[in-house]
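Peer 1: Return a 3D structure for these sequence lines:
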Amino acid sequence: MVIASPLCPMDEVSGAEITIRVKRGDTSSSEKLWEARGAASEEVKRGVFTVGTSDSFRQEGKPLAGALPEGFYVGVKESSRDGKSNSARGDWIDLSAQSPRPLKAGEYLTSKGKIVSRQWVNDQLACGKGS
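Peer 2: All right, here's what the predicted structure looks like:
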């Protein structure tokens, strides 16, 4: 699965993880299914990466075992290019939100099932323009 995370121009992806919520009796907790860090290419640093492959990140803290569930949370770790800040961003992914047609190169499917461009993804952030 290819992920396109929104990213401001001065930031880069430094890691990512997939988690699910697990309910046990009256309590629930997060369970990590996959974790990786160390972007392996400029494309990954710019926010486009593949879950569960060694092509996107240099180190997998937790390799993906098996298929992804229908619903999961993607968390992306970011750092500024000047090294002054670190942050995290994420979104819930629902694989039942299928595309009505095959995606073309440069197209992405939102968590709501809308087909968008990489520019649209990045435009979701204010990137220093105020909130």
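Peer 1: Show me what the helix or strand of the chain with the lowest mean pLDDT is packed against.
Peer 2: Least confident helix or strand of the chain, by mean pLDDT, DSSP states H and E, is strand 86-94 with a mean of 86. If you count contacts as 3 or more CB pairs under 8 Å, 6 or more residues apart in numbering; DSSP states H and E, strand 86-94 packs onto strand 71-80. Yep, even glycine has a C-beta here, placed from its N, CA and C like the rest.
Peer 1: if we go to 10 Å?
Peer 2: Packed against strand 86-94 by the contact rule (3 or more CB pairs under 10 Å, 6 or more residues apart in numbering; DSSP states H and E) you find strand 11-24, strand 71-80.
Peer 1: which stretches of the protein form strands?
Peer 2: In the chain, the strands defined using DSSP state E lie at 2-4, 11-24, 27-39, 48-50, 57-62, 71-80, 86-94, 107-109, 115-117.
Peer 1: winner for burial among the ones you listed?
Peer 2: Burial of those is given as mean neighbour count (mean count of other CB atoms under 10 Å); strand 48-50 ranks first at a mean of 20.
Peer 1: I'd like the strands of the chain laid out as JSON lines, including distance to C127.
Peer 2: Formatted as JSON lines, those follow (distance: least, CB to CB, whole Å):
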{"stretch": "strand 2-4", "distance to C127": "16"}
{"stretch": "strand 11-24", "distance to C127": "9"}
{"stretch": "strand 27-39", "distance to C127": "19"}
{"stretch": "strand 48-50", "distance to C127": "17"}
{"stretch": "strand 57-62", "distance to C127": "24"}
{"stretch": "strand 71-80", "distance to C127": "12"}
{"stretch": "strand 86-94", "distance to C127": "12"}
{"stretch": "strand 107-109", "distance to C127": "18"}
{"stretch": "strand 115-117", "distance to C127": "17"}
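Peer 1: where does the chain dip in pLDDT?
Peer 2: Within the chain, the stretches with pLDDT under 70 are 129-131.
Peer 1: rerun that using 50 as the cut-off
Peer 2: 131 (pLDDT under 50).
Peer 1: partner residues bridging I3?
Peer 2: Bridge pairing for I3 (DSSP bridges) gives the partners F49.
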